[in-house]
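Enquirer: pasting a predicted model and its sequence here:
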Amino acid sequence: MTPAACNQVLQVLVKYGKSVEANTLFDNMLNARISLENDTSFGFGVNSETYNIMVNESFRLGNVVEALFLFNNRKGTDKTAPETFIMDALGYNNIIAKLCDIGMLEEAEKVFQEALDYKPVKREHPNVHPCWISKMVPRYYEVDSPSGMANVTTFKILFNAYFKEESIDKVLKWFKFLLFETSLQPSYVLVNSVLSRLIARGRIEDAIEILGKMPLRDTEPFPTCYELVLTELCKGGNLDSVLYLVGLMVRYKVGITPKLYSILGEPFQKNDFMDVIVRLLKRPDEASYADLQIEQPAGLLHAPVS
């Protein structure tokens, strides 16, 4: 039987409280070496969903130690069993979320670090038999990103947990890591969510610094990111920072939303800069960035200024 088929049986056993039978089936799946006729390749009898089923059941019963043991010991007891199972992002995200839900952030961080540290060399995938999978799934895998096995969802789970605990410095540490040190592409929804929560906690200077660095990535910031921060800056009358961010938008040709025009109009109606801003935003290719005479706001030591 394939892991997917065995998982269905495992789900039923767990659902009806057959713990002994479920554990026996899990052990058998973990020890299984699976091959097909005329093919010398072997694969595991488990997948990440198998682990999620068992880990979730342990958490449901309050056996956190058992859940961690199951997750951390991904090798069968049989001497002929395959090498240690390589967990994917689905498995990591599941247990990290469970640990965060019960406030065990320290343990969640350990699992997260394990996901980040996983950087294997290119080789044949040991977990999936090539005869089972779709032709769209590669037979070989390689993880060469600083994010390892973690994905955007992994970071999102941690951000939510850190905000709940008001660990803002940790949010900033890993948000910057996600944006500037990995090849992952977070959605504008996640970026805006983090920025808005930083602003709500009085960390608008950090939000400005992050926006200042984001254009240096292959993917430019979303217009709504600027819209979010500029709205707050205009409310506070911080016109120097407003001009700085507008200058970045002009320089990197970030699209301007109608809402942004209205946001900028209010604080600059009686300011000589308004005509220049409108002209630059409407015709960035014809205008000179120097027209704004913008200087980097004080305190933004790491943001680009040239």
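Expert: That came through, no problem. Numbering: from 1, shown residues only.

Enquirer: tell me where the stretch 1-150 of the chain is predicted with low confidence.
Expert: 33-44, 75-84, 119-145 (pLDDT under 70).

Enquirer: and the helices in it?
Expert: According to DSSP state H, counting those that start in this stretch, the stretch 1-150 of the chain carries its helices in the segments 3-15, 19-31, 48-60, 64-72, 89-101, 105-117.

Enquirer: those into JSON lines, with extra columns for mean neighbour count?
Expert: Glycine gets a C-beta too; all of them are placed from N, C-alpha and C. Below are these laid out as JSON lines (neighbours: other Cβ atoms under 10 Å):
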{"stretch": "helix 3-15", "mean neighbour count": "16"}
{"stretch": "helix 19-31", "mean neighbour count": "17"}
{"stretch": "helix 48-60", "mean neighbour count": "20"}
{"stretch": "helix 64-72", "mean neighbour count": "16"}
{"stretch": "helix 89-101", "mean neighbour count": "21"}
{"stretch": "helix 105-117", "mean neighbour count": "17"}
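
Enquirer: quick one: the strands in the stretch 201-306 of the chain, in order.
Expert: Along the stretch 201-306 of the chain, counting by DSSP state E, counting those that start in this stretch, no stretch forms strands.

Enquirer: tell me where it has helices.
Expert: Using DSSP H, counting those that start in this stretch, helices in the stretch 201-306 of the chain cover 204-213, 223-236, 239-251, 258-268, 273-282.

Enquirer: how about residue 231: what's its closest non-neighbour residue?
Expert: Excluding its sequence neighbours, the residue lying closest to residue 231 (Cβ to Cβ, 6 or more residues apart in numbering) is residue 263, at 5.4 Å.

Enquirer: does the one you found touch residue 232 like I think?
Expert: No. Assessed by Cβ atoms under 8 Å, residue 263 is found out of contact with residue 232, at 9.9 Å.
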